[in-house]
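1. with the sequence up front, the predicted model follows.
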Amino acid sequence: MSEHEQTARPVRWREANPEAYAELKRTWGVIGHSSVLMVLALSLIGTSLTLGYLHWPGWLETSARLGASGAAVGCGAVGLWRLVRALFRSVRAVVRTRRRGADGEAQGETVAVSVPGSATVAGSS
């Protein structure tokens, strides 16, 4: 008897597909980290724009602006890369889970059909 038949309650998707659920859970964590990196990038862009009002010497202002802009681009790029990669992995995990579910049903039907046929052949000998 399966777990569903014993407890008379439907099996949750996350219990039936722990691998895909774990990947989706990781994706939410990566989305959170990527959001923080994007906010940091926006903050660094604001810092870079604000440095012009401080009236520092030309070379110091330029180097500070370049540093803040470079850090903003780096944070934004890393955040975006992690976000796209995590979303791709999640989609791949869900597709893989659906494919396994379809393959599992097909294999179960094949075994159910072939077992009675082999039993009849063995019984007639």
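-> Arrived safely.

2. could you pull out the helices in the chain for me?
-> Here the chain has its helices, by DSSP state H, at 3-7, 13-16, 18-50, 58-124.

3. now mean pLDDT too, for those helices, in CSV please.
-> CSV is the format used below for the helices of the chain (pLDDT from 0 to 100):
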stretch, mean pLDDT
helix 3-7, 57
helix 13-16, 80
helix 18-50, 87
helix 58-124, 75
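
4. winner for burial among the ones you listed?
-> helix 18-50 (a mean of 15; mean count of other Cβ atoms under 10 Å). Quick note: C-beta positions are derived from backbone N, CA and C, even for glycine.

5. roughly how far out does stretch 71-81 sit from the chain middle?
-> In this view, stretch 71-81 has its centroid 18 Å away from the chain centroid, taken as Cα atoms, centre = their mean, to the nearest Å.

6. so which residues make contact with it?
-> With contact meaning Cβ atoms under 8 Å, 6 or more residues apart in numbering, stretch 71-81 is reached by 33-38, 40-42, 44-45, 48.

7. only alpha carbons, please: show it as PDB.
-> Provided in PDB are the C-alpha atoms of stretch 71-81 (Å, rounded to 0.1, in the frame of the first residue of the first chain):
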ATOM      1  CA  ALA A  71      31.700  48.400  -7.700                       C
ATOM      2  CA  ALA A  72      28.100  49.200  -8.700                       C
ATOM      3  CA  VAL A  73      28.600  47.400 -12.100                       C
ATOM      4  CA  GLY A  74      30.300  44.500 -10.400                       C
ATOM      5  CA  CYS A  75      27.500  44.100  -7.800                       C
ATOM      6  CA  GLY A  76      24.800  44.400 -10.400                       C
ATOM      7  CA  ALA A  77      26.500  41.900 -12.800                       C
ATOM      8  CA  VAL A  78      27.000  39.300 -10.000                       C
ATOM      9  CA  GLY A  79      23.500  39.800  -8.700                       C
ATOM     10  CA  LEU A  80      22.000  39.400 -12.200                       C
ATOM     11  CA  TRP A  81      24.200  36.400 -13.100                       C
END
